[in-house]
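Participant: dropping a prediction and its sequence here:
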Amino acid sequence: MAIARVVCKLGDDVSTDIIYPGRFMATVLPTETPQYAFADDKALNAKLKAGEIPPGSFIVAGKNFGCGSSREQAASCISGYGIIVIARHFARIFLQNSINVGLAMVICPTIDAAEGDELEIAEGRVWNRTSGKSFPIEALPQARQAIIDAGGLIPYTRRLLTKQV
Amino acid sequence: MGMTYIQKLLARACGEPALAVGDVVEPPVDLAMSHENGALVINQFNEIYQGTGRDSSVWDPDRIAIIFDHRVPAESSKTATNQKKIREFVAKQGIGKFHDIRGDVGGICHQILPENGYVRPGAVVVGTDSHTTTHGALGAFAFGIGATEMASVWALGHVLNVEVPATIKVVVKGRLGPGVYAKDLILAVIGKLTAEGANYRVIEFHGEEIRNMPTSGRLVLCNMSVEAGATAGVVPPDAETERYLRQEAGVTDDLDLFGPDADAVYERVIEIDAAALGPQIACPHTVDNVKPVADVRGTKVQQVVIGSCTNGRLDDLEVAARILKGKHVAAGTRMLVFPASWRIYSQALERGYLGDIIAAGAVVCNPGCGPCLGVHQGALADGETALATTNRNFKGRMGNPSAEVYLCSPAVAAASALTGVITDPRGGN
């Protein structure tokens, strides 16, 4: 994976209300949700919408990223920008939704990076090319690997259905 | 080795003699619930079938429930259009457990499911709502999933790749004192576990207080278990579960009541002394920022909200009415009350609770989720503080990131509405 910058550094317990505020929940389609990503963080939302953040960039967060609501918009709105989320760990439903809709995530329990740092993911580690340190990546749940390999839950379920014929 | 309640439930559901923590199973689903986000589920469901040449029929229309509650009546044409799309799908697929915007059968999904007897002990329940954990109060394994996951359930009839979760046992010793409720208890548990302390785990509730607690209180405990990150909360079913299902939910068929094994292995056991617990409050902006009410009493509140899937039930309204009766909501404070369902609304009307609440100056709104997540009524101004019996106080939760939300029991909320500041309902302020 290419070297890319951390565009945003967030703390612990970032809720789905921060990622995708409830008042935009009537918008559901993955093609339409990205406009409301981090809507209450006006600067970040504006940068995203202006296309100033290249795909492959990183958001780095603490523990329990995506806690709260089961709204899938919280995963699809980030996925729409091709951003990779690195967190110390993720809340269960958010992690599952992200796998299902194909949002790239990295579980990295010791990650240490600041906004603007250049990161690279290689050999099972996150390499911070700015600080010179590297941090081990924790595998995504083994039970979900087949869904990840299929490219998401829609193609995976479609495959199961057609096999049943 | 003995099994916890959920281990045993999953083993039974999957036809296995035993299951260990970490085993991966694909349990058949007894009930699959969605609300307005059914619009996205429908979209994903149709996408699954695209190009397969197969007829896109749901696996079992009798096991699907759809309840309109998040934005009722519709607050925008966009919502109305989503609701219309869902109605058309419901008609086409013959989905029976459909609760439209109606004064006879409507309400919040996590009250509609229990009061209609849709949830039974031993059942596997999934819902496209994180508070689906609520239904563990009736002995179900009930958990929240996303919309695409639900589309897959609608197609297949089972949940894919479920890891049998480890269980945290919470034992509540003794009895809660006067003015202290299930809400205070679960806030204390969340404060202890933290917002991530039960991630990927089940919380199983035991002890003297739980055995004596009505289902309405157990629903509160399981509802908010997700705020500690839990996959599910559960109260092993007992005589009270049977009483509720027979008397209040009209269930007549056989019930399968079982408990965890006596030698079940728990990841962790937490003991709570109920008698020592006072009213609790979750302070901004995380649900695990829990303190005794005494620590923040006197804090000014501009809006008090009683309602939601957590605390909008009949006994919650009774407590509020008792405190408010013959008194008045403080000037400078507005009070909103949202019963959890129209059945509860009617019962509270009959018993005079709503009359007392309105006479005190509160505004009674229609059952729904609206203000809890800032989508429909009850928005806050910049710099305002709300005190709510709802379940989340995240930044922006009530629709304004420049406002603050505190979470408490209906008693604390009602007592505080009268004074305009956070107040201990037991007096002594």
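Facilitator: Received, thanks.
Participant: name the nearest residue to B:Ala414, ignoring sequence neighbours.
Facilitator: If the residues on either side of it in the chain are set aside, B:Ala414 comes closest to B:Ile323, at 3.9 Å by C-beta to C-beta, 6 or more residues apart in numbering or on different chains. Heads up, the C-betas are built off the backbone N, CA and C, glycines and all.
Participant: could you measure from the nearest residue to B:Gly420 once chain neighbours are set aside over to chain A?
Facilitator: Excluding its sequence neighbours, the residue lying closest to B:Gly420 (C-beta to C-beta, 6+ apart) is B:Ala330, at 3.2 Å. According to C-beta to the nearest C-beta, to the nearest Å, B:Ala330 and chain A sit 28 Å apart.
Participant: ok, B:Arg201 next?
Facilitator: 9 Å.
Participant: B:His158 versus that residue, what's the distance?
Facilitator: Distance check for B:Arg201 against B:His158: by C-beta to C-beta, to the nearest Å, it reads 22 Å.
Participant: with B:Gly106 instead?
Facilitator: 30 Å.
Participant: more crowded one of those two?
Facilitator: B:Gly106 (22 against 18; other C-beta atoms under 10 Å in any protein chain shown).
Participant: and the pLDDT at that one?
Facilitator: Confidence at B:Gly106, expressed as pLDDT, is 98.
Participant: for it, which non-adjacent residue is spatially closest?
Facilitator: B:Trp342 (5.0 Å).
Participant: where does chain B dip in pLDDT?
Facilitator: For chain B, applying pLDDT under 70 flags the ranges B:428-429.
Participant: top strand in it by residue count?
Facilitator: strand B:166-173 (DSSP state E).
Participant: so who does B:Phe205 touch?
Facilitator: B:Val170, B:Val172, B:Arg218, B:Leu221, B:Cys222, B:Gly233, B:Val234, B:Val235 (C-beta atoms under 8 Å, 6 or more residues apart in numbering or on different chains).
Participant: top of those residues by number of neighbours, please.
Facilitator: B:Gly233 (32 neighbours).
Participant: any idea how far that residue is from chain A?
Facilitator: 14 Å.
Participant: give me the secondary structure label for that residue.
Facilitator: Following DSSP: H, G, I helix; E, B strand; the rest coil, the label given to B:Gly233 is strand.
Participant: who's in contact with the closest residue to it other than its chain neighbours?
Facilitator: Among residues not flanking B:Gly233 along the chain, B:Ser225 sits closest, at 2.9 Å (C-beta to C-beta, 6+ apart). Listed by C-beta under 8 Å, 6+ apart, the contact set of B:Ser225 reads B:Thr133, B:Gly136, B:Ile186, B:Ala198, B:Ile203, B:Ala232, B:Gly233.
Participant: find the residue closest to residue 58 in space, skipping its chain neighbours.
Facilitator: You didn't say which chain, so I picked chain A. A:Phe58 sits nearest to A:Val6 (C-beta to C-beta, 6+ apart), 4.8 Å away.
Participant: wait, chain B was what I had in mind.
Facilitator: Using C-beta to C-beta, 6+ apart, the nearest residue to B:Val58 is B:Trp154, at 4.6 Å.
Participant: just the element for that neighbour, please.
Facilitator: Assigned by DSSP states H and E, B:Trp154 belongs to helix B:147-156.
Participant: thought A:Ser98 was touching A:Arg92?
Facilitator: No - assessed by C-beta atoms under 8 Å, A:Ser98 is found out of contact with A:Arg92, at 10.9 Å.
Participant: could you point out which element follows the host helix or strand of the residue nearest to B:Ala414?
Facilitator: For B:Ile323, the host element (DSSP H and E) is helix B:314-324. Later in the chain than helix B:314-324, the nearest helix or strand by DSSP H and E is strand B:334-338.
Participant: and whichever helix or strand comes after that following strand, what does it pack onto?
Facilitator: Next in sequence after strand B:334-338, counting helices and strands by DSSP H and E, comes helix B:342-350. Applying 3 or more C-beta pairs under 8 Å, 6 or more residues apart in numbering or on different chains; DSSP states H and E, one finds that helix B:342-350 makes contact with helix B:109-115, helix B:314-324, helix B:353-359.
Participant: rerun at 10 Å
Facilitator: helix B:109-115, helix B:314-324, strand B:334-338, helix B:353-359, strand B:363-364 (3 or more C-beta pairs under 10 Å, 6 or more residues apart in numbering or on different chains; DSSP states H and E).
Participant: want to throw those into CSV with mean neighbour count?
Facilitator: Compiled in CSV, the helices and strands packed on helix B:342-350 are given as follows (neighbours: other C-beta atoms under 10 Å in any protein chain shown):
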stretch, mean neighbour count
helix B:109-115, 26
helix B:314-324, 23
strand B:334-338, 24
helix B:353-359, 20
strand B:363-364, 17
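Participant: can you put those in a markdown table and add distance to B:Met213?
Facilitator: Formatted as a markdown table, these follow (distance: least, C-beta to C-beta, whole Å):
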| stretch | distance to B:Met213 |
| --- | --- |
| helix B:109-115 | 14 |
| helix B:314-324 | 11 |
| strand B:334-338 | 23 |
| helix B:353-359 | 21 |
| strand B:363-364 | 27 |
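Participant: quick one: which of those is nearest B:Leu380?
Facilitator: strand B:334-338 (10.3 Å; C-beta to C-beta).
Participant: hmm, the closest one touching chain A?
Facilitator: No - Strand B:334-338 lies out of reach of chain A by C-beta under 10 Å from any C-beta of the partner chain, never closer than 15.2 Å.
Participant: just the helices in the stretch 51-200 of chain B please.
Facilitator: In the stretch 51-200 of chain B, the helices defined using DSSP state H, counting those that start in this stretch lie at B:77-93, B:109-115, B:147-156, B:182-193.
Participant: and the shortest one, what does it pack against?
Facilitator: Helix B:109-115 makes packing contacts with strand B:31-34, strand B:64-67, strand B:97-99, strand B:124-127, helix B:215-223, helix B:308-311, helix B:342-350 when contacts are defined by 3+ C-beta pairs under 10 Å, 6+ apart.
Participant: neighbouring strands for the shortest one, and are they parallel or not?
Facilitator: Counting by DSSP bridges, the strands paired with strand B:97-99 are strand B:64-67 (parallel).
Participant: okay, now residue 75: neighbour count?
Facilitator: Using chain A. Counted with other C-beta under 10 Å, A:Ala75 comes out at 30.
Participant: sorry, should have said chain B
Facilitator: 17.
Participant: which residue is the nearest non-sequential neighbour of it?
Facilitator: According to C-beta to C-beta, 6+ apart, the nearest residue to B:Glu75 is B:His376 (4.8 Å).
Participant: residues contacting the one you found?
Facilitator: B:His376 makes contact with A:22-23, B:69-76, B:79, B:365-366, B:368-370, B:399, according to C-beta atoms under 10 Å, 6 or more residues apart in numbering or on different chains.
Participant: now B:His131
Facilitator: A:69-70, B:108-110, B:142, B:144, B:222-227, B:308-310, B:369, B:372, B:391-392.
Participant: now do it against B:Tyr200, distance only.
Facilitator: Taken as C-beta to C-beta, the span from B:His131 to B:Tyr200 is 17 Å.
Participant: cool, and B:Ala282?
Facilitator: 22 Å.
Participant: next, the residue most central in space within chain A: secondary structure please.
Facilitator: In chain A, the C-alpha nearest the mean C-alpha coordinate belongs to A:Val85, at 3.7 Å (C-alpha atoms, centre = their mean). Following three-state DSSP, A:Val85 is assigned to strand.
Participant: hmm, what's the outermost residue in chain B?
Facilitator: Farthest out in chain B is B:Gly53, which, by C-alpha atoms, centre = their mean, sits 39.3 Å from the centre.
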